[in-house]
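*Asks:* Predicted model, plus sequence, below.
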Amino acid sequence: MKRLRLELKKDTDRSYDVLVGRDILDSLHSEIQRLGNFSSYGLVTDEVVRPLVAEPLQNQLRSNSIDTTLIALPPGESAKTIGTVLDLCQQLLAQGFDRKSLLLAVGGGVVGDITGFAAAIYMRGIPYIQVPTTLLAQVDSSLGGKTGVDLPSGKNLLGAFHQPRLVLSDLDVLTSLSSDARRDGFAEVIKAALIEDPELFSILEREGADLLDPGNPLLETIIAKACEVKCRVVNRDEHESGLRRILNFGHTLGHALEAAANYNISHGQAVAIGMGLAVRLSRQWVGLSEDNADRALDLIQKLGLPTEIPENIDPEALLVPLEKDKKIQAGICHFVLLAEIGRAVIHPIPVGDLQKSLQKITRH
Ligand SMILES: NC(=O)c1ccc[n+]([C@@H]2O[C@H](COP(=O)([O-])OP(=O)(O)OC[C@H]3O[C@@H](n4cnc5c(N)ncnc54)[C@H](O)[C@@H]3O)[C@@H](O)[C@H]2O)c1
Ligand SMILES: [Zn+2]
């Protein structure tokens, strides 16, 4: 098992451990005891994760004298609403949860975001821990304290920063994920390597598609390294005033593509294509070498992810969501680009040039 630490420089008391390993759910009870005494425990999950991970975990905690109230939400992004948060808070109140209660978010990014947001606002804030069960949640959403829910007009529009007290990522729970979900999660691992970690990039490049096997012994190292990247970036910029924006590599065009495709494309695929476009823009705008650009594109493809805009989507259509999301201001769009593999920079591109670049890049 690897024990990392997400250090928060503004306030070291809020720093927390991030545990990554196999067969480590068994140590959750002792980790909770290390954090202190709590008046009650709420185990929040979704209906899919409930039988797979949440109920066995509840039994294991019970046999170690930690009794939890299990609350299962409906699965999927459509549950990420303020209504779900209100229901959850009402259930906590009915069960007598107070400011000394601890919530456990056991699930993917949706459960983590909802539970974290409820923990941020219930009685003006209660502690919570993250037990992420998807690859995306292990390397990305469980870390850094961004919590929130969607509004009908857009994703993550209601939210709060509220850091967890612990993140425990057990790799064994990933075996029940579909191969598509595993591959999609790798988009965020590749992102971490490209923006910050050339060594992680080399490992990914060497192992390639073998990493999609959930039993691969290198996965622990790889997931821990991707987590370290996120920990380092959050440490430098907790509230996303500047540097944390590099975590959006591939996401500006990725989100635009998700919107242009009416969300009929997975987040991982959209981000992979967004990274593919950003790599080509990096060649043009910040001098990424041809060799590095080719290696980056090859890696994305090796892991079974796309790098090209689907033929049925007009590249021009990507500009509409960029305008709507206020990503284009005064005719300029700021992109996270790569100066080298492992070194991200933020670079302004005038929208007229972006339009030309997109046309050129995507001419099939
Ligand atoms: N807070 C942040 O910083 C941050 C960062 C990135 C993404 N996010 C959010 O994360 C969400 C996406 O997270 P996600 O991809 O984990 O989606 P998700 O939570 O919807 O999980 C995807 C599906 O997998 C199921 N599942 C979860 N664990 C499983 C397991 N071990 N075995 C089998 N099935 C399992 C879930 O029930 C769900 O149906 C989005 O809402 C996104 O906005 C948040
Ligand atoms: Zn993402």
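*Replies:* Ah, there it is. Ligands and ions are numbered 1, 2, ... in the order given.
*Asks:* Give me the buried positions along stretch 90-102.
*Replies:* Going by neighbour count (16 or more other C-beta atoms under 10 Å), the buried part of stretch 90-102 is L92, F97, S101, L102. C-beta here means a position set from N, CA and C on the backbone, and glycine is covered the same way.
*Asks:* near ligand 1, which of these show up?
*Replies:* Residues of the buried residues of stretch 90-102 in contact with ligand 1 (C-beta under 6 Å from any ligand atom): none.
*Asks:* Work out the sheet partners of the helix or strand where C333 lies and label each with its direction, please.
*Replies:* Taking DSSP states H and E as the definition, one finds C333 inside strand 332-340. Within its sheet, strand 332-340 is paired with strand 328-329 (antiparallel), strand 343-350 (antiparallel), according to DSSP bridges.
*Asks:* Could you list the low-pLDDT ranges of the stretch 201-350 of the chain?
*Replies:* For the stretch 201-350 of the chain, no stretch has pLDDT under 70.
*Asks:* how about 90 then?
*Replies:* Low-confidence segments of the stretch 201-350 of the chain (pLDDT under 90): 237-244, 315-316, 320, 322-330.
*Asks:* And the helices in it, which stretches?
*Replies:* Under the criterion DSSP state H, counting those that start in this stretch, the stretch 201-350 of the chain contains helices at 219-236, 251-260, 267-286, 290-302, 319-324.
*Asks:* looking at the ones you listed, which is closest to ligand 1?
*Replies:* helix 267-286 (6.4 Å; C-beta to the nearest ligand atom).
*Asks:* picking that back up, will you turn the helices of the stretch 201-350 of the chain into a markdown table that also has distance to A118 and mean neighbour count?
*Replies:* Shown next, in a markdown table, are the helices of the stretch 201-350 of the chain (distance: least, C-beta to C-beta, whole Å; neighbours: other C-beta atoms under 10 Å):
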| stretch | distance to A118 | mean neighbour count |
| --- | --- | --- |
| helix 219-236 | 21 | 21 |
| helix 251-260 | 25 | 24 |
| helix 267-286 | 23 | 24 |
| helix 290-302 | 35 | 17 |
| helix 319-324 | 29 | 16 |
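*Asks:* May I see those arranged in TSV, with distance to ligand 1 as well?
*Replies:* Listed next are the helices of the stretch 201-350 of the chain as TSV, based on distance: least, C-beta to the nearest ligand atom, whole Å:
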stretch	distance to ligand 1
helix 219-236	9
helix 251-260	9
helix 267-286	6
helix 290-302	18
helix 319-324	16
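*Asks:* would you turn those into a markdown table with distance to P51?
*Replies:* Putting the helices of the stretch 201-350 of the chain into a markdown table (distance: least, C-beta to C-beta, whole Å) gives the following:
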| stretch | distance to P51 |
| --- | --- |
| helix 219-236 | 24 |
| helix 251-260 | 30 |
| helix 267-286 | 25 |
| helix 290-302 | 34 |
| helix 319-324 | 37 |
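*Asks:* tell me the contacts of G250?
*Replies:* Contacts for G250 (C-beta atoms under 8 Å, 6 or more residues apart in numbering) come out as A187, K191, V271, A272, G274, M275, G276, L277, A278, V336.
*Asks:* Swap in 10 Å and give it another go.
*Replies:* 187-188, 190-191, 194-195, 270-279, 300, 335-336 (C-beta atoms under 10 Å, 6 or more residues apart in numbering).
*Asks:* Same check on E188?
*Replies:* 135-141, 226, 229-230, 247, 249-251, 267-268, 271-272.
*Asks:* likewise G276?
*Replies:* By C-beta under 10 Å, 6+ apart, the contact set of G276 is 250, 253-254, 293, 296-297, 300-301, 305-309, 361.
*Asks:* same check, this time on A94
*Replies:* Here A94 is in contact with T69 (C-beta under 10 Å, 6+ apart).
*Asks:* Adjust the sequence numbering to begin at 34 for everything that follows.
*Replies:* Done: numbering now begins at 34, and the last item shifts to A127.
*Asks:* ok, stretch 205-223 near ligand 1 or not?
*Replies:* Yes: for stretch 205-223, a contact with ligand 1 is found by C-beta under 6 Å from any ligand atom, at V206, S209, L210, A214.
*Asks:* tell me the angle the strand or helix carrying A220 makes with strand 376-383.
*Replies:* Assessed by DSSP H and E, A220 sits inside helix 212-229. Taking axes from the mean of the first three to the mean of the last three C-alpha atoms, to 10 degrees, one finds that helix 212-229 is oriented at 90 degrees with respect to strand 376-383.
*Asks:* distance of D243 from L237?
*Replies:* D243 sits 10 Å away from L237, going by C-beta to C-beta, to the nearest Å.
*Asks:* So the two - more neighbours on which side?
*Replies:* Legend: neighbour count by other C-beta atoms under 10 Å for D243 and L237, higher for L237 (25 against 10).
*Asks:* Who are the contact partners of I379?
*Replies:* Applying C-beta under 10 Å, 6+ apart, the residues near I379 are G275, L276, R278, I279, N281, F282, V319, H367, F368, V369, L370.
*Asks:* tell me which parts of the stretch 34-183 of the chain are close to ligand 1?
*Replies:* By C-beta under 6 Å from any ligand atom, the part of the stretch 34-183 of the chain that sits against ligand 1 consists of 79, 81-82, 85-86, 108-110, 113, 140-144, 146, 166-167, 169-170, 173-174, 177, 179.
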